[in-house]
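S.K.: Here is a sequence together with a model predicted from it:
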Amino acid sequence: MQEKLWRVGTTYIPVTNVEKSAEWYVRNLGAELNFRDGEKAILNLAEQSIFLVRAAQNQTSNFIDIHGSERFSLTFEVNGMDALEKIHLDFTQKDIKVGEIEDRGHAGRNFVFEDLDGNKFDVWSELSPAFKEKYFSKS
């Protein structure tokens, strides 16, 4: 195969109330609202298009791993430990459900947070090398 996948363009997240969820993502995560109707909201967040899609009660993007733990399906990256700690504090002050900052045995640190519907997301203190090179390298 000569062609390749270049990037993830859109992530779909199930929510029960599109309006409330869109407002939550804009207010708490700094997302930019591009479109909203009763069935979906389209947001720009972290260099990606996020669709909040109206779903049945108790639907989330989470999954259960082999050990029986509920896991997130998406990790956001921040630029270093200072940024991770500041975002963790900001989320805590906004009463977002957040976990402790963790050492998972690899570079950097992480924490998990949840949206209004219990969708879990990870935050990692390390930017990927390709992203750093593209956006932070000296020209």
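M.R.: Sure, I can see it.

S.K.: Just the pLDDT for residue 47.
M.R.: As summarised for this prediction, residue 47 has a pLDDT of 88.

S.K.: For it, grab the count of nearby residues.
M.R.: Here the count is done by other CB atoms under 10 Å, and residue 47 has 9 residues near it. Just so you know, the C-beta spots here come from the backbone N, C-alpha and C atoms, and that holds for glycine as well.

S.K.: And it, how far from residue 94?
M.R.: Distance of residue 47 to residue 94, computed by CB to CB, to the nearest Å: 22 Å.

S.K.: So what touches the one helix or strand in the chain whose mean pLDDT sits lowest?
M.R.: Of the helices and strands making up the chain, the lowest-confidence element is helix 129-136, at a mean of 82, by mean pLDDT, DSSP states H and E. The list of residues contacting helix 129-136 from outside it, by CB atoms under 8 Å, 6 or more residues apart in numbering, reads 77, 79, 127.

S.K.: chain center to that helix, what's the gap?
M.R.: Distance of helix 129-136 from its chain centroid, counting by CA atoms, centre = their mean, to the nearest Å, is 19 Å.

S.K.: how about the CA coordinates for that helix, as CSV?
M.R.: Presented in CSV, the C-alpha positions along helix 129-136 are these (Å, rounded to 0.1, in the frame of the first residue of the first chain):
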residue,chain,number,x,y,z
PRO,A,129,8.4,14.6,19.3
ALA,A,130,6.7,15.2,15.8
PHE,A,131,4.4,17.9,17.3
LYS,A,132,7.3,19.6,19.1
GLU,A,133,9.4,19.6,16.0
LYS,A,134,6.5,21.1,13.9
TYR,A,135,5.3,23.7,16.3
PHE,A,136,8.2,24.5,18.7
